[in-house]
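>>> Starting from these lines, generate the structure:
(one chain, ligands or ions: 2)
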Amino acid sequence: MTSDPVVLALRAAIAANDSAELRAALGEHLLGSGAPREALDELEAGLRLAPGSGPLLDGAARAAEAAGDPGRAAAYRLAAKALAGPLSPATPLSTPSPAVRVPDARGDVDEEDEDEDDDETPSRGERLAGGPNLRLLSSDGEPIEDDAPPSVAFADVGGMDELKARLERSFLGPLRDPETYRRFGKKIGGGMVLYGPPGCGKTFLARALAGEIGARFTEVGLSQVLDMWFGESERRLHELFENARRRAPTVLFFDEVDALGQRRSQLRGTAGRNLVNQLLSEMDGFASRNEGVFFLAATNHPWDLDPALRRPGRFDRLAFVPPPDAEARQRILELKLGERPVAGGTDLARVARMTDGFSGADLSALVEAATELAIEATRKRKAEQPIDDALLARAAKDVKPSTRAWFEVARNHAIYANEGGAYDDLLEHLEAIKLA
Ligand SMILES: Nc1ncnc2c1ncn2[C@@H]1O[C@H](COP(=O)(O)OP(=O)(O)OP(=O)(O)O)[C@@H](O)[C@H]1O
Ligand SMILES: [Mg+2]
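Ligands and ions are numbered 1, 2, ... in the order given. Predicted coordinates:
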């Protein structure tokens with residue numbers, strides 16, 4: 001039992017009225033008094049009350065370091081950085097807004113002000129989707145795609161007409177006009193998984209949907225957001241859903257959902273299993289609690305998703321996102337060439353026809369290769385050589401389409417796991433490319 005009067009006073013205050021500020025003060029004091037373990041406990045308790053708080057994350061990083069837990073320290077630093085970064089949401093996804101009451105460990109509802117980290121800088125989320133809740137983070141926690149166009153809409157997505165029509169029916173219609181759907185007794189909500197080979201526009205399409213519906217879209221960067229919180233993941237997931245329920249009608253987009261929704265039988269640790277269970281229970285009963293909440297997900301391997309996630313009301317529909325067709329390839333080439341010098345009369349439609357089986361990522365590589373050739377020629381001649389047909393054709397020879405390997409793996413799943421015709425559109429494509 002300590003006799004430090006500051007500690008005693010702060011503990012008494014916490015007992016009377018717990019808050020993130022008090023926990024931060026106590027944590028910092030304990031850290032300063034050479035008790036990093038206890039400090040970390042307090043700071044983590046504070047983070048449970050205000051998960052997005054920069055000072056608490058920073059304090060927790062220092063305390064973990066001092067307590068000899070560099071892994072945890074790094075995770076907190078990463079979290080602090082991610083939340084402070086230029087792409088961070090103005091209101092972090094995780095920070096419960098005053099309207100959301102998060103039960104504390106005793107099951108009580110906390111009345112405290114949740115320490116809104118009010119950051120005025122416009123977030124990537126606001127720029128992209130007009131909403132405060134979007135977070136774009138790569139698997140290593142770094143903000144991603146800073147160079148992507150600030151806002152994309154369906155018009156930017158080349159080809160994919162059928163898919164766009166499907167998204168229109170499933171998401172855009174009900175979001176724009178929920179009343180008509182209700183009048184016809186149609187429930188608003190439900191889920192869909194976009195799947196297909198890497199680099200073929202799943203994320204891009206989902207963000208285009210975001211561009212169409214603005215603030216009604218929340219992207220969840222799961223892998224990092226969820227595992228750096230040491231047991232807090234389930235709670236954060238719950239908050240995410242609570243936020244969505246409050247804002248309904250709305251779309252929650254789980255990119256790379258396999259990071260979260262893997263088959264429980266494949267997960268070794270209990271942490272992952274708990275998370276899948278939490279996700280299942282949040283998605284459950286969508287008829288009532290989740291009315292107006294749509295679930296969209298993207299993955300390269302839908303067959304690895306926990307089967308329970310595919311039940312009605314959850315991610316019950318699968319939509320195949322094929323490699324870009326010629327029209328989409330031309331659009332991608334235009335996008336990737338952007339502002340670079342391109343010779344007049346360059347026939348991108350022709351390049352698009354030559355690149356069957358290329359993914360968006362392959363086309364990006366092609367443009368990079370052509371650009372390098374143009375730079376080389378420019379430097380050699382000391383006169384500008386813009387990117388032209390000949391350079392693009394040369395580059396196209398060096399880049400190999402990457403989607404085939406995925407189809408070879410997908411083939412077995414499509415044939416042997418096609419219950420209820422779930423993979424029919426994939427099978428159709430496999431036939432078209434002579435793999436089935
Ligand atoms: N139909 C399309 N129209 C315009 N651009 C596209 C299209 N498909 C893909 N792209 C381009 O290709 C890039 C890669 O696509 P994206 O990142 O969406 O692929 P993905 O399917 O999510 O891949 P992964 O499975 O690796 O996450 C996009 O940034 C976009 O520029
Ligand atoms: Mg993606």
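
>>> hang on, isn't Asn189 packed against Met283?
Slight slip there: residue 189 is Gly, not Asn. No. In this structure, Gly189 is not within contact of Met283 by C-beta atoms under 8 Å, at 9.9 Å. C-betas here are computed from N, CA, C, even on glycine.

>>> the strands in the chain, which residues?
190-195, 217-221, 250-255, 293-299, 317-320 (DSSP state E).

>>> Now do the longest one, average pLDDT.
What strand 293-299 shows for mean pLDDT is 92.

>>> next one: the last one
Looking at strand 317-320 alone, the average pLDDT works out to 94.

>>> Just the residues contacting that strand, thanks.
Residues from elsewhere that reach strand 317-320 (C-beta atoms under 8 Å, 6 or more residues apart in numbering): 163, 166-167, 170, 190-196, 302, 310, 422-423, 425-426, 429.

>>> With the longest one instead?
With C-beta under 8 Å, 6+ apart as the test, strand 293-299 has contacts from 170-171, 174-175, 188-195, 202-203, 206, 209, 241, 244-245, 248-258, 261, 283, 286, 305, 314-315, 321.

>>> Filtering those by proximity to ligand 2, which remain?
Lys202, Thr203 (C-beta under 5 Å from the ion).

>>> re earlier: counting neighbours, which of the contacts of strand 317-320 end up buried?
163, 167, 170, 190-196, 302, 310, 422-423, 425-426, 429 (16 or more other C-beta atoms under 10 Å).

>>> Reformat the strands of the chain as a markdown table; add distance to ligand 1.
Output for the strands of the chain, formatted as a markdown table (distance: least, C-beta to the nearest ligand atom, whole Å):
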| stretch | distance to ligand 1 |
| --- | --- |
| strand 190-195 | 8 |
| strand 217-221 | 12 |
| strand 250-255 | 7 |
| strand 293-299 | 6 |
| strand 317-320 | 11 |
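
>>> Near ligand 1, which residues of the stretch 301-436 of the chain are found?
Contact residues, the stretch 301-436 of the chain versus ligand 1 (C-beta under 6 Å from any ligand atom): Pro324, Ala328, Arg331, Ile332, Leu335, Gly360, Ala361.

>>> Closest one to Ala15 out of those, please.
Ala361 (55.5 Å; C-beta to C-beta).

>>> Who are the contact partners of the closest one?
Pro198, Gly199, Ser402.

>>> can you do 10 Å?
Pro197, Pro198, Gly199, Cys200, Gly201, Ile332, Val399, Ser402, Thr403 (C-beta atoms under 10 Å, 6 or more residues apart in numbering).

>>> Roughly how far does it sit from Pro324?
To Pro324, Ala361 is 11 Å away according to C-beta to C-beta, to the nearest Å.

>>> Look at the residue of the chain found nearest ligand 2 and say how many residues are nearby.
Closest residue of the chain to ligand 2, C-beta to the ion: Thr203 (3.2 Å). When neighbours are defined as other C-beta atoms under 10 Å, Thr203 has 21 of them.

>>> residues from the protein in reach of ligand 2?
Lys202, Thr203.

>>> count of neighbours near Gly338?
Residues lying near Gly338 (other C-beta under 10 Å) number 10.

>>> was I right about it contacting Ile332?
No. With contact defined as C-beta atoms under 10 Å, Gly338 does not reach Ile332; the gap is 11.2 Å.

>>> Tell me where the model's unsure across the stretch 201-350 of the chain.
For the stretch 201-350 of the chain, applying pLDDT under 70 flags the ranges 222-231, 267-269, 271, 285-288.
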